[in-house]
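> Need a 3D model of the following:
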Amino acid sequence: MPPAVRTVLPWIAVWASVQAVVAVTARLVARRKNEGDESSTAIRRVQGVGGVELHPTNPKLTRVRVDLVMAGGVLDLSRLPRVPGGIDVTIRAFMGGMAVQVPPGWRVWWQFRGMGGMGADGPVVRTKDEAGADLRLHVVAVMGGVGIESGS
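Just a heads-up that it's a prediction; the model follows:
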């Protein structure tokens, strides 16, 4: 075996082992913590390594919480009508990210803490009025981020 391969092989083995441990741990945590489905008024998801897509359908949705570890996700709220009182979404991402899709005209308030980024794409209406927002995003990210997308 060439010396370069012998040098790189242990690093690849460690990387694959870390991925496997994170995936198995997240799967075990998800079995205990996940709640609700797309027709529920409250949804919680834990995802490690991989991706999660949520397309809530309940017009009385009040809360969504997503925890991502080395994972990505999509939260598609674009088919929901305005919810009286708004929707609270909490996203915690470690080396992961999430796209949040909202209907046109929704007022979005967000709070971001951590190392990463948060941004809006398209005609997203950002508001400073947390109580009057249609969507309130509470984001904590380390080496990750969240993007908000709105239809035209």
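
> Now the residue positioned nearest the centre of the chain: closest residue in space that isn't a chain neighbour?
Residue closest to the mean C-alpha point of the chain, counted by Cα atoms, centre = their mean, is Met98 at 4.0 Å. In space, and not counting its chain neighbours, Met98 is closest to Gly73: 4.3 Å by Cβ to Cβ, 6 or more residues apart in numbering. For every residue, glycine as well, the C-beta is placed using N, CA and C.

> got the contact list for the helix or strand containing the one you found?
Using DSSP states H and E, Gly73 sits in strand 63-76. Outside strand 63-76, the residues that touch it by Cβ atoms under 8 Å, 6 or more residues apart in numbering are 19, 22, 26, 33, 41-56, 87-101, 144.

> Can you mark which positions in it are buried?
64-73, 75-76 (16 or more other Cβ atoms under 10 Å).

> what about the very next helix or strand once past it, distance to the chain center?
On the C-terminal side of strand 63-76, the closest following helix or strand by DSSP H and E is strand 87-94. Distance of strand 87-94 from the chain centroid (Cα atoms, centre = their mean, to the nearest Å) equals 6 Å.
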